[in-house]
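1. Here is a sequence together with a model predicted from it:
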Amino acid sequence: MTTPMIYLDGRGVPRDEVLRNAQQAAAGLEQIGVQEGDCIALLLRNDFAFFEVQQAANAVGAYGVPINWHGQVDEVLYILEDAKPKVLVAHADLLAPVRGRIPPGIQVFVVPTPPEVVARYGVPASLAAPAPGDVEWGGWLSRFEPLAGPPRRNRATMIYTSGTTGHPKGVKREPATPEQTQAYVEMFASVYGLKPGVRALVSGPLYHASPNAYGRQALLTADVLVLQSKFDPEETLELIARHRIENAVMVPTMFVRMLKLPREVRDRYDVRSLRWVTHTGAPCPREVKQELMAWWGPVVYETYGGTEVGTATLATPQDWLEHPGCVGRPTPGTQVAFYDEAGRRLPEGEIGEIYARVPAYADFTYLNHEEKRRSVERDGLVSLGDIGYMKDGRLYLCDRRSDMVIFGGTNIYPAEIEMVLTQCPGVKDCAVFGIPDEDFGESLAAAVEPMPGAELSVEQIREYLMSRLAKYKVPRRIDFYAALPREDSGKIFKRRLREPFWQNAGRRI
């Protein structure tokens with residue numbers, strides 16, 4: 001009989017060991033006073049300990065609160081102040097910058113920074129180990145017998161939204177009913193292909209909503225679950241070949257980076273084991289998906305949703321091949337509707353703000369901001385923050401509501417321009433956004449990261465875009481960056497690019 005295994009890059013441990021550690025930790029958490037409904041914060045990179053903490057929180061009916069460790073110190077401290085966790089579990093090097101500033105009353109446990117992370121991120125040896133006086137997570141949990149008794153009510157994970165304006169908000173769900181729990185498991189089997197015995201890969205950071213939800217479910221169903229400490233395009237292919245990965249969750253930027261590997265590098269790795277690769281988090285340019293499926297076969301699935309709503313739609317490979325650009329049909333039982341700026345519900349085919357409700361997810365509120373929960377709801381449905389339309393029963397996206405640029409009274413959706421610009425020879429990645437304009441209110445700016453060694457000019461990019469887009473959609477300003485600000489998942493911090501232009505404009509950023 002196969003022993004289910006979890007790997008961090010190339011190092012593996014049996015799944016049962018991780019689950020036993022989680023139950024021992026759960027017993028310890030109860031002994032130090034953690035109760036149902038409390039919060040447990042995770043300042044952890046991808047690691048076995050991440051699953052131990054998250055499963056332990058679930059076992060005692062607490063909320064696991066993953067913190068984006070890419071954030072500034074003040075951003076980390078804000079979440080600790082807002083969530084008021086009873087416990088914080090942190091990698092040694094991530095704890096160092098906030099040590100001494102953690103709010104009182106929080107019990108801190110320290111996890112030695114894994115050697116894979118030390119090597120990948122260049123962590124100094126002096127910061128990789130717990131400091132004298134720290135309570136080491138593994139040593140502490142080993143003192144306890146596994147938690148006994150009936151399971152507590154499942155409260156899942158409290159994800160903090162990215163906060164495009166102001167501070168992020170914690171999405172706090174009600175405890176799931178048994179029916180919702182079963183529907184959630186069935187949804188992951190039908191929408192993500194996560195069925196018992198699968199061999200799965202998580203390349204993105206587990207503090208993100210999609211890798212987190214996928215990873216939690218894969219932990220319980222997969223025979224092989226591989227975590228990457230940091231995404232690397234060639235290493236991803238090597239892991240797929242070595243572990244015969246069948247199932248994975250990624251973001252489009254990862255596809256772009258793998259496709260831009262030299263052909264001789266791509267051909268070294270056998271990826272024929274892949275059966276179901278789900279992408280989410282951002283639109284995928286059509287040419288990218290077409291090229292990827294020409295390489296991997298018709299195995300690329302797309303989901304669309306949000307932290308508050310859950311997984312609202314699924315586009316199968318057949319859906320996308322027959323209806324290019326769509327993000328799929330609503331998932332089972334999901335309601336989707338569109339509203340204009342006046343709050344009027346729109347008929348199919350008209351562009352409006354997207355609202356949805358997915359029955360597999362328990363209802364939520366924003367922690368400490370209940371009034372903002374009401375502001376995103378219409379007729380029992382919740383806004384996804386995006387603009388789009390429905391055609392032939394399939395959803396099409398235009399852009400983020402907050403990213404939409406109003407140029408002289410005309411709505412422009414930067415995502416459309418980004419999809420074209422990404423395909424420009426020599427462009428590695430890009431971001432398009434609105435900046436102040438005295439004449440038109442807003443105009444377009446593009447931030448471009450060239451491929452290594454590429455020689456690009458503003459004129460070349462404008463000429464490329466002018467041949468493919470309407471003139472008013474071509475950015476007036478184009479800047480080059482050696483590296484765009486981004487998260488480990490590859491998602492660009494667009495707000496950081498936009499902020500300097502709006503700081504003195506007296507308007508939103």
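-> Done, it's in.

2. Name the SS class of Gly305, please.
-> strand (DSSP: H, G, I helix; E, B strand; the rest coil).

3. Do you have the helices of the stretch 1-150 of the chain handy? List them.
-> 15-31, 48-59, 73-83, 92-95, 115-121, 125-128, 137-141 (DSSP state H, counting those that start in this stretch).

4. Which strands or helices does the last one pack on?
-> The criterion is 3 or more Cβ pairs under 8 Å, 6 or more residues apart in numbering; DSSP states H and E, and the helices and strands that helix 137-141 contacts are helix 15-31, helix 48-59, strand 107-111. Where C-beta positions appear, they are placed from N, C-alpha and C, glycine not excepted.

5. Export only the CA atoms of that helix, formatted as CSV.
-> Extracted C-alpha coordinates of helix 137-141, given in CSV (Å, rounded to 0.1, in the frame of the first residue of the first chain):
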residue,chain,number,x,y,z
TRP,A,137,7.0,24.6,17.6
GLY,A,138,8.1,21.0,17.0
GLY,A,139,9.6,20.5,20.4
TRP,A,140,6.5,22.0,22.1
LEU,A,141,3.9,19.9,20.3
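
6. So for that helix, what gets flagged as buried?
-> 137-138, 140-141 (16 or more other Cβ atoms under 10 Å).

7. Quick one: distance of it to the chain centre.
-> When distances are taken as Cα atoms, centre = their mean, to the nearest Å, helix 137-141 is centred 29 Å away from the chain's centroid.

8. got it, and the fourth one?
-> When distances are taken as Cα atoms, centre = their mean, helix 92-95 is centred 22 Å away from the chain's centroid.

9. The first one too?
-> The offset between the C-alpha centroid of helix 15-31 and the centroid of the whole chain comes to 26 Å, using Cα atoms, centre = their mean.

10. Can you give me the domain boundaries for the protein?
-> 11-155, 185-400, 405-502 (automatic domain parsing).

11. can you put those in JSON lines and add distance to Gly170?
-> Shown next, in JSON lines, are those (distance: least, Cβ to Cβ, whole Å):
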{"stretch": "domain 11-155", "distance to Gly170": "6"}
{"stretch": "domain 185-400", "distance to Gly170": "4"}
{"stretch": "domain 405-502", "distance to Gly170": "18"}
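
12. Select, out of those domains, the one closest to Pro178.
-> Closest approach to Pro178 among the domains of the chain is made by domain 11-155 (9.2 Å; Cβ to Cβ).

13. Just the endpoints, please. Distance across the closest one?
-> 30 Å (Cα to Cα, to the nearest Å).

14. I'd like the helices of the stretch 1-150 of the chain as JSON lines, with mean pLDDT and distance to Pro359 appended.
-> Below are these laid out as JSON lines (pLDDT from 0 to 100; distance: least, Cβ to Cβ, whole Å):
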{"stretch": "helix 15-31", "mean pLDDT": "98", "distance to Pro359": "28"}
{"stretch": "helix 48-59", "mean pLDDT": "97", "distance to Pro359": "21"}
{"stretch": "helix 73-83", "mean pLDDT": "92", "distance to Pro359": "27"}
{"stretch": "helix 92-95", "mean pLDDT": "97", "distance to Pro359": "37"}
{"stretch": "helix 115-121", "mean pLDDT": "94", "distance to Pro359": "38"}
{"stretch": "helix 125-128", "mean pLDDT": "94", "distance to Pro359": "45"}
{"stretch": "helix 137-141", "mean pLDDT": "98", "distance to Pro359": "36"}
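
15. Looking at those, which is nearest to Val198?
-> Closest among these, once you apply Cβ to Cβ, is helix 15-31, at 12.9 Å.

16. who does that closest one touch, helix- and strand-wise?
-> Counting by 3+ Cβ pairs under 8 Å, 6+ apart, helix 15-31 packs on strand 5-8, helix 48-59, helix 137-141.

17. ok so, going back, which one of the buried residues of helix 137-141 is nearest to Ala447?
-> So of the buried residues of helix 137-141, ranked by how close each gets to Ala447 (Cβ to Cβ), first place is Trp137, at 39.5 Å.

18. and that closest one, how far is that from Leu43?
-> The gap separating Trp137 from Leu43 is 12 Å, by Cβ to Cβ, to the nearest Å.

19. any residues in contact with both of the two?
-> Contact criterion Cβ atoms under 8 Å, 6 or more residues apart in numbering; residues shared by Trp137 and Leu43: Val89.

20. Look at the residue nearest the centre of the chain and report its pLDDT.
-> In the chain, the residue lying closest to the centroid (Cα atoms, centre = their mean) is His208, at 3.6 Å. Per-residue confidence for His208 comes out at a pLDDT of 88.

21. go on, Glu179?
-> pLDDT at Glu179 comes out at 88.

22. Arg345: neighbour count?
-> 14 (other Cβ atoms under 10 Å).

23. ugh, typo on my part, it should be Gly64
-> Using other Cβ under 10 Å as the criterion, the residues surrounding Gly64 number 24.

24. So it is in contact with Asn154, correct?
-> No. The criterion here is Cβ atoms under 8 Å, and Gly64 misses it with Asn154 at 11.2 Å.

25. anything in contact with each of these two?
-> Asn58.

26. circling back to that earlier point, of all the buried residues of helix 137-141, which comes closest to Ala470?
-> Using Cβ to Cβ, the buried residues of helix 137-141 come closest to Ala470 at Trp137, 55.7 Å.

27. check contacts around that closest one.
-> So Trp137 contacts 25, 49, 52-53, 89, 109-111 (Cβ under 8 Å, 6+ apart).

28. separation between it and Val108?
-> 10 Å.

29. hey, what's in contact with both of the two?
-> Joint contacts of Trp137 and Val108 (Cβ under 8 Å, 6+ apart) are Val89.

30. Kindly tell me how buried Ser205 is, as a neighbour count.
-> Quick fix: residue 205 reads Pro, not Ser. 26.

31. end-to-end on stretch 297-310?
-> Stretch 297-310: ends 27 Å apart by Cα to Cα.

32. buried set for it?
-> 299-310.

33. do stretch 417-432 as well
-> Going by neighbour count (16+ other Cβ under 10 Å), the buried part of stretch 417-432 is 417-424, 426-432.

34. one step back: deepest in the core, which of the helices of the stretch 1-150 of the chain is it.
-> Stretch with highest mean neighbour count among the helices of the stretch 1-150 of the chain: helix 48-59 (a mean of 25; mean count of other Cβ atoms under 10 Å).

35. Thanks again, I'm all set now.
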